[in-house]
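Colleague: no sequence on this one, just coordinates:
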């Protein structure tokens, strides 16, 4: 039996922090107590004094690029980076090549992950204008949800037929996750900037092209459709202050039919950073103004926003170094998301309890993930130890993404992930990922 005893940790769970011990037996958390004595000489002991023990983060929106785009990243490389960052489970998106828009292609991704993933995994089924029959075959017990692009991003999965949209929304009980940007608004804005700059539009215009209005128009339409049909809607990567008026904190999360996500980059960067970071912070939806960032933080803390994720989407340096119009949108984040939020904690913006709520508890609740997202006896031992006083610098040598770069390069983080457990296995320890690919397929209680 694999037995590990984590001692003297500051255990962060369900709104409280208490000092204590956690015993792992095989894949599961066997005991949580103030003091646990060693029952066997075979028990591995980890002294976590001064460090936080948190449930592993569950990133509900990543793009790991396999199949078809593996020069940017693959399930093995990006899940390896994830566990180094304390992310123990991920939900991956369907705009790989070929797009995951049939049950057969979707299953192929699960087959790859079963062999190669360091973290637990699920894959979204993709919707198009003409695959409703395939969408409705999706098994709610072992697939996270349905993904719809209401604005084109990386890939060719735009769903712009309103009759099809309504049919999808009204035909499935599964969670529908959406990318919300209004395509026509973006096209019109782009033409204006092309008229002024030709093909040499500066990246500083990105948030004006993929504008607040483009986001609001699309997300408000999606919400209206969800209310009309009773669909279970989850809106990815919100980026504007204006959109925050669309969400509520008046009811408990478990009763919400419409939930909201914000990504780390929209909480960290503003449009002022385009001047120095350029295409390396070019995301869709765009990083917007300091006021947008301020209001996103307010909505996160007052529970209008339910989840913090990454939209991890690696591209090569060569791709990102192209001119604005040619450079693809997206960037790698899973290795640095948890420590970035702990940095915000050091800055007084967010409590450690709230970080855990938004990055572990709430994704587990929203997707109804079985036995994960909490530090509870009988749950899978997906855990991370975070030392809040062990500074480190992000540099090329310690970046694990296949693309080899990070928008956080050069940043000094005060906190470090020292240990990560996936299904009870110590897969990461102080900058070293062990070659233990013990990730399991996520299952859903629905």
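Modeller: Okay, I see it. Values in this document were obtained by computation on a predicted structure and should not be read as measured data.
Colleague: how distant is the helix ranked longest in the chain from the center of its chain?
Modeller: Longest helix of the chain, by residue count under DSSP state H: helix 212-229. Using C-alpha atoms, centre = their mean, to the nearest Å, the mean C-alpha position of helix 212-229 is found 22 Å from that of the whole chain.
Colleague: next one: phi and psi at residue 7?
Modeller: Torsion angles at residue 7 (phi, psi; degrees, to the nearest 10) stand at phi -110, psi 150.
Colleague: now do residue 52
Modeller: phi -90, psi 140.
Colleague: quick one: stretch 422-442 to chain centroid distance?
Modeller: Relative to its chain's centre, stretch 422-442 lies at 18 Å (C-alpha atoms, centre = their mean).
Colleague: thinking again about what came up before, now the longest helix of the chain: buried residues?
Modeller: Using 16 or more other C-beta atoms under 10 Å as the burial criterion, the residues of helix 212-229 that qualify are 212-223, 225-226, 229. The C-beta positions use only the backbone N, C-alpha and C, and glycine is treated the same way.
Colleague: what's the answer for stretch 434-446, then?
Modeller: Applying a neighbour-count criterion of 16+ other C-beta under 10 Å, the buried positions in stretch 434-446 are 437-440, 442-444.
Colleague: contact partners of that stretch?
Modeller: For stretch 434-446, the external contacting residues (C-beta atoms under 8 Å, 6 or more residues apart in numbering) are 76, 79, 89, 91, 110, 113-122, 140-144, 367-370, 372, 380, 422-423, 425-428.
Colleague: now the helices: where do they sit in the protein?
Modeller: With DSSP H, the ranges of helices along the chain come out as 75-84, 103-116, 132-135, 162-171, 183-197, 206-209, 212-229, 264-268, 274-277, 290-301, 317-320, 337-346, 352-356, 362-367.
Colleague: Reformat those as TSV; add distance to residue 47.
Modeller: Shown next, in TSV, are those (distance: least, C-beta to C-beta, whole Å):
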stretch	distance to residue 47
helix 75-84	21
helix 103-116	32
helix 132-135	49
helix 162-171	51
helix 183-197	53
helix 206-209	47
helix 212-229	47
helix 264-268	30
helix 274-277	39
helix 290-301	33
helix 317-320	40
helix 337-346	20
helix 352-356	20
helix 362-367	28
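Colleague: Quick check: residue 84 touching residue 336?
Modeller: No - Residue 84 is not in contact with residue 336 according to C-beta atoms under 8 Å; the separation is 9.3 Å.
Colleague: Contact partners for the closest residue to residue 124 other than its chain neighbours?
Modeller: Among residues not flanking residue 124 along the chain, residue 147 sits closest, at 3.9 Å (C-beta to C-beta, 6 or more residues apart in numbering). Counting by C-beta under 8 Å, 6+ apart, residue 147 touches 93-94, 124-127, 157, 176-179.
Colleague: what packs against the longest helix of the chain?
Modeller: Under the contact definition 3 or more C-beta pairs under 8 Å, 6 or more residues apart in numbering; DSSP states H and E, helix 212-229 sits against helix 162-171, strand 175-179, helix 183-197, strand 232-235, strand 258-263.
Colleague: farthest-separated two in the contacts of residue 147?
Modeller: Spatially, the most separated pair among the contacts of residue 147 is 125 and 179, at 14.6 Å (C-beta to C-beta).
Colleague: What subset of the contacts of stretch 434-446 is buried?
Modeller: Using 16+ other C-beta under 10 Å, the buried members of the contacts of stretch 434-446 are 76, 79, 89, 91, 110, 113, 116-122, 140, 143-144, 367, 369-370, 372, 380, 422-423, 425-428.
Colleague: Report pLDDT for residue 235.
Modeller: Reading off the confidence values, residue 235 has pLDDT 98.
Colleague: From the structure, what's the count of residues near it?
Modeller: Here the count is done by other C-beta atoms under 10 Å, and residue 235 has 27 residues near it.
Colleague: So what sits opposite it in the bridge?
Modeller: Beta bridges link residue 235 to residue 178, residue 260 when assigned by DSSP bridges.
Colleague: Which residues are in contact with it?
Modeller: Shown in contact with residue 235 (C-beta under 8 Å, 6+ apart): 177-178, 180, 219, 222-223, 258-261.
Colleague: would you list the helices of the chain in TSV and tack on distance to residue 17 and mean pLDDT?
Modeller: Shown next, in TSV, are the helices of the chain (distance: least, C-beta to C-beta, whole Å; pLDDT from 0 to 100):
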stretch	distance to residue 17	mean pLDDT
helix 75-84	23	98
helix 103-116	33	98
helix 132-135	42	94
helix 162-171	40	93
helix 183-197	44	97
helix 206-209	37	98
helix 212-229	34	97
helix 264-268	22	98
helix 274-277	34	98
helix 290-301	18	98
helix 317-320	39	98
helix 337-346	12	98
helix 352-356	6	98
helix 362-367	18	98
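Colleague: Which of those helices sits closest to residue 412?
Modeller: helix 337-346 (9.0 Å).
Colleague: tell me which residues of that closest one are tucked away?
Modeller: By 16+ other C-beta under 10 Å, the buried positions in helix 337-346 come out as 337-345.
Colleague: Residue 396: which of these is nearest?
Modeller: Using C-beta to C-beta, residue 339 comes nearest to residue 396 of the buried residues of helix 337-346, at 17.2 Å.
Colleague: Can you tell me how far residue 46 is from residue 422?
Modeller: Between residue 46 and residue 422 the distance is 15 Å, computed by C-beta to C-beta, to the nearest Å.
Colleague: With respect to residue 28, which of the helices and strands packed on helix 212-229 lies nearest?
Modeller: Shortest distance between residue 28 and the helices and strands packed on helix 212-229, using C-beta to C-beta, is found for strand 175-179: 26.2 Å.
Colleague: Residue 333 and residue 278: what is the separation?
Modeller: From residue 333 across to residue 278, the span is 17 Å (C-beta to C-beta).
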